[in-house]
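Visitor: Below is the sequence, then the predicted model.
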Amino acid sequence: MFDTLQDRLSATFKSLRGKGRLTEADIDATCREIRIALLEADVNLAVVKEFVAAVKQRALGSELSGALNPTQQVVKIVDEELVAILGGQTRTIRWAKKPPTVIMLAGLQGAGKTTLAGKLGRWLREQGHSPLLVAADLQRPNAVTQLQVVGEQAGVHVYAPEPGNTSAADGEGERPTGDPVLVARRAMYHAQQKLYDVVVVDTAGRLGVDAELMQQAAAIKAEVRPDETLFVVDAMIGQDAVNTARAFAEGVGFDGVVLTKLDGDARGGAALSIAKVTGRPIMFASNGEKLSDFDVFHPDRMASRILG
Ligand code: GDP
């Protein structure tokens, strides 16, 4: 992902090399090239416009002086603006003052939520936490089993409703099967009793955004009152990623974004627009099917990667 963007930007900067001084025409031409590179990479149009305007203003301004040569200064400006659209600072989990910290995952079906629950579980365990994964995706037939499998791989416990077993959830008498809000409530009780310090709640997705999905996710959110709601999005789905992010921001609300499938060969620019469009930071990135293919997202490292 991002190879084409990388190639185009480096060609743009190469054409500036050797120039002692950049004229306004040079800067105009460079900004045009950057605009094309970003649009070709599928970055959201509004984000591109704002990005190019900021680069141009800074490049024309007083910044083109000092120790760096003009080309290096333009690269530095582009780098800083890329970091800014990617959310600026690295941001990880905000821990609850009183455990457990609750992390809820929301997104479309196939975005990679269940896989991510396993990845987060493993990551949390490595950091000395004691996480509990909660199977509140009761829509997809295999989702509960899939979470149990990834939980086992990650060495992390999974709270799941036992089909038809009313005693599955600590004997409060109600039957959790079929109602994800009830499962979530039971899971929170279970986590408090058993002293898990982080609860990761996997929720159901649909193939497309719909009202029922939003209501269910919002109801689970109201029940578990997460410290972090993470919107999980497949970076391969192009501009739909931006549209879906907007819909979830409105319908459910989220605190951070997780980009998945960054190992894919899509152009990827749309995913890079999400932080800017929603005003929420990208917090984690997933780049493969293995539980270890996962890391905290660092805007500065991603910008450096894009700039080659
Ligand atoms: P959910 O419906 O949101 O729970 O999505 P799943 O966790 O079931 O993931 C859907 C598919 O995407 C599965 O086949 C996963 O193995 C795959 N997947 C998840 N994350 C990644 C990733 O970062 N890279 C790749 N290549 N595949 C992924």
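Guide: Sure, I can see it. Numbering: from 1, shown residues only.
Visitor: tell me the helices in the stretch 151-300 of the chain, going along the chain?
Guide: Counting by DSSP state H, counting those that start in this stretch, the stretch 151-300 of the chain has helices at residues 180-194, 211-224, 239-251, 269-278, 299-307.
Visitor: Of those, which is nearest Lys76?
Guide: For those, distance to Lys76 was read as Cβ to Cβ. The smallest value, 9.7 Å, belongs to helix 299-307. All C-beta atoms are positioned from the backbone trio N, CA, C, and that covers glycine.
Visitor: Quick one: list the elements packing against that closest one.
Guide: In this structure, helix 299-307 packs against helix 3-14, helix 70-85, with contacts taken as 3 or more Cβ pairs under 8 Å, 6 or more residues apart in numbering; DSSP states H and E.
Visitor: Can I get those in CSV including mean neighbour count, mean pLDDT and distance to the ligand?
Guide: Converted to CSV, the helices and strands packed on helix 299-307 look like this (neighbours: other Cβ atoms under 10 Å; pLDDT from 0 to 100; distance: least, Cβ to the nearest ligand atom, whole Å):
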stretch, mean neighbour count, mean pLDDT, distance to the ligand
helix 3-14, 16, 88, 16
helix 70-85, 19, 91, 22
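Visitor: Which among those helices is found nearest to Gly288?
Guide: For those, proximity to Gly288 was assessed by Cβ to Cβ; helix 3-14 is nearest, at 16.8 Å.
Visitor: Just the angle for that closest one relative to helix 299-307, thanks.
Guide: Angle of helix 3-14 versus helix 299-307, following axes from the mean of the first three to the mean of the last three Cα atoms, to 10 degrees, is 80 degrees.
Visitor: Using PDB, write out every CA atom in helix 3-14.
Guide: This file holds the C-alpha atoms of helix 3-14, laid out as PDB (Å, rounded to 0.1, in the frame of the first residue of the first chain):
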ATOM      1  CA  ASP A   3       3.700   2.500  -3.200                       C
ATOM      2  CA  THR A   4       2.300   4.700  -6.000                       C
ATOM      3  CA  LEU A   5       2.000   7.700  -3.800                       C
ATOM      4  CA  GLN A   6       5.500   7.200  -2.600                       C
ATOM      5  CA  ASP A   7       6.800   7.000  -6.200                       C
ATOM      6  CA  ARG A   8       4.900  10.000  -7.400                       C
ATOM      7  CA  LEU A   9       6.000  12.200  -4.500                       C
ATOM      8  CA  SER A  10       9.600  11.200  -4.800                       C
ATOM      9  CA  ALA A  11       9.500  12.000  -8.600                       C
ATOM     10  CA  THR A  12       8.000  15.400  -7.700                       C
ATOM     11  CA  PHE A  13      10.800  16.200  -5.200                       C
ATOM     12  CA  LYS A  14      13.500  14.800  -7.600                       C
END
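Visitor: That helix packs against which elements?
Guide: Against helix 3-14 (3+ Cβ pairs under 8 Å, 6+ apart) you get helix 24-40, helix 70-85, helix 299-307.
Visitor: hmm, back to that, need the winner for burial among the helices of the stretch 151-300 of the chain.
Guide: Of all the helices of the stretch 151-300 of the chain, helix 269-278 has the most neighbours on average by mean count of other Cβ atoms under 10 Å, namely a mean of 25.
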